[in-house]
Structures are given as C-alpha cells and as structure tokens.
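Trainee: Here is a sequence with its predicted model. Questions after.
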Amino acid sequence: MNSVTKIRKDLEGCIGKTVILKANKGRKKVSVREGILESAYPSLFVVKISNEYNSTRRVSYTYSDVLTSTVEVTVCDEPEKQFKIS
C-alpha cells in the first residue's frame, strides 16, 4: 500500500477526534495547535481550531505534508492515550 494512502486511511478513521498539529513553517519556526479533525478529502484533510477568543478557524494540510514530516499529527483519543500518524 502506498504511504500516502495509508496516512489518508489512518486520518479518515480519526475524524471527529482531537488532534495536535506541529507544523514546520521554515527558518526554525514551528507552530503547535490543537483542534478537531473535521474532514478528510482525497488530497487533503481539514482541522477546525478554536482559540481563546471563541473564534474558529479551519486549516488544511495535504497528506504529503505528513509524509515529508512538514506536519506531525498526534491523535488524542483520551488524555493518557495519544499516537502519532506518520
């Protein structure tokens, strides 16, 4: 099975769960965000992020971002049970 296909299947099984995104933005800049995996499309996935000002925001990443480690996705089933998708 292709690696991108495996990542997509793993993320499709986690829709509606809380995820932690660690995105490499270049030049030693890393952003860490927590949100809910909202949907998974054939070429990208969408995460809904809420901040302290009660505004919601949606960010999308491609599966190749996860494959190339530009984005690390950690799924939080329960507070003590977390696993990375890569």
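Mentor: Here it is on my side, so go on.
Trainee: This protein: strands as residue ranges?
Mentor: Assigned by DSSP state E, the chain shows strands spanning 18-26, 29-40, 44-50, 56-62, 71-78, 81-85.
Trainee: Report the mean per-residue pLDDT for the third one.
Mentor: Here strand 44-50 scores 93 as its mean pLDDT.
Trainee: Specify the beta-bridge partners of the residue nearest to the spatial centre of the chain.
Mentor: Nearest to the geometric centre of the chain sits residue 73, at 4.3 Å (Cα atoms, centre = their mean). Beta bridges link residue 73 to residue 21, residue 85 when assigned by DSSP bridges.
Trainee: what's it in contact with, if anything?
Mentor: With contact taken as Cβ atoms under 8 Å, 6 or more residues apart in numbering, residue 73 is in contact with 11, 19-21, 66, 84-86. Using the backbone N, CA and C atoms, a C-beta is placed for each residue, glycine as well.
Trainee: I'd like the strands of the chain laid out as a markdown table, including distance to residue 6.
Mentor: Output for these, formatted as a markdown table (distance: least, Cβ to Cβ, whole Å):
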| stretch | distance to residue 6 |
| --- | --- |
| strand 18-26 | 17 |
| strand 29-40 | 13 |
| strand 44-50 | 14 |
| strand 56-62 | 15 |
| strand 71-78 | 13 |
| strand 81-85 | 9 |
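Trainee: among these, which is nearest residue 4?
Mentor: Relative to residue 4, the nearest member of these by Cβ to Cβ is strand 56-62, separated by 8.8 Å.
Trainee: So which residues make contact with that closest one?
Mentor: So strand 56-62 is contacted by 21, 23, 33, 35, 38, 43-51, 70-71 (Cβ under 8 Å, 6+ apart).
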